[in-house]
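*Asks:* sequence and predicted structure, then a few things I'm wondering about:
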Amino acid sequence: MTPRSEEDTPGVRRAWGWVAHLLDGGTTPWRDWKGEGPSRGRVLPGAQQLELLRRLNLAGPPSPALATRVVEASAPGRGRPDLELAGAVDPLAFGPPPVDPADLPDDELLRVAAGILADDVVAAGLPDPPRAATRRPWARRYRLVGDALLADPVRAELVARGRPPGGRGSVILVLGTDLGQMLAHAWTARSLAEGGPGWRDWLDPLARHRTLPPRIDLVRAARAWSDRVGPERVRIVLDPTEIPRLVGVRRPLPGPPEISADAVDLARRVGQVLGLLAVPPRRRALLHETLLPRLVAAGGPQLVVPDEHADWVHTRAVRMRDALLRAGYPVHGDPDSLLPVGRSGASEPSDAGALALAMRLVLEEGRS
């Protein structure tokens, strides 16, 4: 059977003419395109790829090599298969109908852009590891638990200084901050590790069942470690400036990465594709060490818990504060800092924002 893109019809010739126009940097929408052109292959590119290229042309321009990559890309993940152009071919009796690319939701274009970024991240590889510092076996022993976005950068820096966690007699530092921020951190940490569900798909069930992820349930974490090592070795740390003193260092330690809501959502989508290209430990390393610095540099409004969940978060934060104080753990910082506070300039992720950021990163990589 002859592929429909190889049929010599006015619609197919019009489609190939539009492909050539876009590969040459054109920006005319499909619905306004009138010209024709010869076939450039056995199969027409999908509507998602062609509309993404048109938008990159508007924002770019992309290099010829990048333009070719876009039209040859796949649309990985959940969603519709590559879609045909309305007016280029007749609808089939089965399968998705042809579409006008301008009518596609941003989510469909994001699938293509995330796949291209995932390939770029794999191609870039991991940066050279820092030179290992001499281990200091006499130094104060510690473990960092709690909020992953607070604990992980500090742990990595201490390891780089020759201060790995663990060892006999370690003091357990349970790190936390206001609960609304910890919820944002928990979704960010998951997105940067494995992809996972979107912000609302992750948050709304937690609110509905009034539960917390284990890492940011500070009461649960403190109790678990207290049962293992005794309550006298557990500390609740709500003031990050106290961490250097508690672990026995003088130089400041890093805080959490400042990453926008849209950037977290984009990292999540890229992480889902990376799951097909790298084993889990390498996927996490690529997201943290290769992609994350570019996302931090992009800036933008950070993630915030929506107002509709404010009462639940506040009530749960009060319960957490009171339970920790009743348990008698030493608290470094103001216990009321667990209560959520309003954050100006914060937002929720949007498909449009994540797509704009993805296009920016794709274009930057295509010019390098």
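*Replies:* Good, I have the coordinates. This structure is a prediction, so every number in the text was calculated from the model and none was measured. Numbers count the residues shown, from 1 in each chain.

*Asks:* ok, the most centrally placed residue in the chain - contacts?
*Replies:* Note on the chain: the residue nearest the mean C-alpha position is A267, at 2.3 Å, using C-alpha atoms, centre = their mean. By C-beta atoms under 8 Å, 6 or more residues apart in numbering, A267 lies in contact with 191-192, 259, 287, 291-292, 295. Any C-beta I mention is one placed from the backbone N, CA and C, and that applies to glycine too.

*Asks:* pretty sure L52 is touching A113, no?
*Replies:* Yes. Applying C-beta atoms under 8 Å, one finds L52 in contact with A113, separated by 6.2 Å.

*Asks:* where do the contact lists of the two overlap?
*Replies:* M359.

*Asks:* roughly how far apart are R215 and L144?
*Replies:* Counting by C-beta to C-beta, to the nearest Å, the gap from R215 to L144 is 11 Å.

*Asks:* surely V71 touches W18?
*Replies:* No. The criterion here is C-beta under 8 Å, and V71 misses it with W18 at 10.9 Å.

*Asks:* higher neighbour count, these two?
*Replies:* Neighbour count, other C-beta atoms under 10 Å: between V71 and W18, W18 has more, with 27 against 19.

*Asks:* ok so, going back, which one (most neighbours) among the contacts of A267?
*Replies:* Of all those, the most densely surrounded is S191 (28 neighbours; neighbours counted as other C-beta under 10 Å).

*Asks:* show me what contacts the spatially closest residue to it that is not a sequence neighbour?
*Replies:* Excluding the flanking residues, the one nearest S191 by C-beta to C-beta, 6 or more residues apart in numbering is R268, at 3.7 Å. Each residue near R268 by C-beta under 8 Å, 6+ apart is listed here: 191, 195-196, 198.

*Asks:* just the buried ones from the residues you listed?
*Replies:* The neighbour-count test (16 or more other C-beta atoms under 10 Å) marks 191, 195, 198 as buried among those.

*Asks:* contact partners for P153?
*Replies:* 253-257.

*Asks:* closest one of the residues you listed to A123?
*Replies:* A123 has its nearest neighbour among the contacts of P153 in P257, at 22.8 Å by C-beta to C-beta.

*Asks:* can you check the pLDDT for the closest one?
*Replies:* For P257, the pLDDT comes out at 95.

*Asks:* and it, how far from P240?
*Replies:* Distance, P257 to P240, by C-beta to C-beta: 14 Å.

*Asks:* what's the answer for L150, then?
*Replies:* Distance, L150 to P240, using C-beta to C-beta: 7 Å.

*Asks:* give the residues shared as contacts by these two.
*Replies:* Counting by C-beta under 8 Å, 6+ apart, the shared contacts of L150 and P240 are 175, 177, 255.

*Asks:* pull the most distant pair out of the contacts of R268.
*Replies:* Farthest apart among those by C-beta to C-beta are G195 and G198. That separation is 10.1 Å.

*Asks:* ok, back up a step: what touches both of V71 and W18?
*Replies:* L50.

*Asks:* show me where the protein has helices.
*Replies:* Per DSSP state H, the chain carries helices over the ranges 10-23, 47-59, 64-72, 106-124, 148-160, 179-194, 199-209, 218-229, 243-247, 261-274, 280-285, 292-298, 310-327, 351-367.

*Asks:* winner for burial among those helices?
*Replies:* Ranked by mean neighbour count under mean count of other C-beta atoms under 10 Å, the helices of the chain are led by helix 261-274, which reaches a mean of 26.

*Asks:* residue contacts, T290?
*Replies:* By C-beta under 8 Å, 6+ apart, T290 lies in contact with 121, 124-127.

*Asks:* coming back round to it: of the buried ones among the contacts of R268, which one scores lowest on pLDDT?
*Replies:* Within the buried ones among the contacts of R268, G195 has the lowest pLDDT, namely 87.

*Asks:* residues contacting the residue nearest to E365 when sequence neighbours are not counted?
*Replies:* Nearest in space to E365, with sequence neighbours left out and distances taken as C-beta to C-beta, 6+ apart, is D120 at 4.8 Å. Counting by C-beta under 8 Å, 6+ apart, D120 touches 361-362, 365.

*Asks:* domain assignment for the chain?
*Replies:* Using automatic domain parsing, the domains assigned to the chain come out as 4-104, 142-367.

*Asks:* let's have those domains in CSV, adding distance to T134.
*Replies:* Listed next are the domains of the chain as CSV, based on distance: least, C-beta to C-beta, whole Å:
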stretch, distance to T134
domain 4-104, 44
domain 142-367, 5
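
*Asks:* and of the contacts of R268, the nearest to R282?
*Replies:* When the contacts of R268 are compared against R282 (criterion: C-beta to C-beta), the nearest one is G195, at 14.0 Å.

*Asks:* residues contacting that closest one?
*Replies:* Contact analysis of G195 by C-beta under 8 Å, 6+ apart lists 268-272, 274-275.

*Asks:* ok, now with 6 Å
*Replies:* Going by C-beta atoms under 6 Å, 6 or more residues apart in numbering, G195 touches 268, 271-272.

*Asks:* then E157?
*Replies:* Contacts for E157 (C-beta under 6 Å, 6+ apart) come out as 253-254.

*Asks:* how much space between it and P127?
*Replies:* The gap separating E157 from P127 is 15 Å, by C-beta to C-beta.

*Asks:* please report how far A151 lies from G342.
*Replies:* Between A151 and G342 the distance is 25 Å, computed by C-beta to C-beta.

*Asks:* and for G353?
*Replies:* For G353, the distance to G342 equals 21 Å [C-beta to C-beta].
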